[in-house]
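**Student:** Below: sequence and its predicted model.
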Amino acid sequence: MRHVFNTARALLAAEGLDLGHTEWLTIDQQRIDLFADATGDHQWIHVDPQRAATGPFGVCIAHGYLTQSLANLFMPQLLTLENMAMGVNYGSDRVRFPAPVKVDSRVRGHGQIIRADLLGDAVQLVVRITVEVEGQARPGCVIDTISRYTFNPPYE
């Protein structure tokens with residue numbers, strides 16, 4: 001279920017809100033290879049299935065940064081901002097990779113609004129995205145994303 005916010009006041013009031021889960025997404029070898037090409041990270045544990053079969057995970061695994069980047073895919077599935085003048089990615093805090101994401105695993109995002117602060121006319125929002133891996137107790141990534149949003153009209 002996507003949560004919709006159309007004012008700064010509504011977003012500020014959402015601090016602590018559990019945003020729920022996204023749909024499942026399969027992390028296939030093609031996605032891993034495309035990420036390797038985009039970043040230049042062609043380490044064998046990601047892109048060489050034959051060698052990875054004899055490695056510590058038994059198969060190729062997704063790059064940690066690939067798993068982290070899924071936060072950008074999952075955020076709009078969890079919340080929608082209407083009447084927004086501008087939104088910017090301000091950064092992130094506390095990025096962790098508790099468990100590997102093996103090739104052909106299914107992952108989904110779980111979101112929670114950790115903090116919402118008014119900074120001038122903007123709302124600074126910290127959303128924790130947990131990348132859950134189907135069938136695994138530990139997530140593939142936990143990241144506290146930081147974004148700043150300004151609404152039309154600004155906070156009154």
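**Tutor:** Yes, it's here.

**Student:** Now do the longest helix seen in the chain: which elements does it pack against?
**Tutor:** Using DSSP state H, we find that the single longest helix of the chain is helix 64-78. Counting contacts by 3 or more C-beta pairs under 8 Å, 6 or more residues apart in numbering; DSSP states H and E, helix 64-78 packs against strand 25-27, helix 29-39, strand 84-96, strand 105-119, strand 122-133, strand 141-151. Where you see a C-beta, it was placed from the backbone N, CA and C, and this is true even at glycine.

**Student:** Out of the ones you listed, flag the one nearest residue 47.
**Tutor:** Nearest to residue 47 among the helices and strands packed on helix 64-78 is helix 29-39 (5.1 Å), distances taken as C-beta to C-beta.

**Student:** which residues are contacting the closest one?
**Tutor:** 41-42, 46-47, 49, 60, 62-63, 65-66, 69, 103-104 (C-beta atoms under 8 Å, 6 or more residues apart in numbering).

**Student:** For those residues, which two are the farthest from each other?
**Tutor:** Maximum distance among the contacts of helix 29-39 (C-beta to C-beta): 21.9 Å, for 49 and 69.
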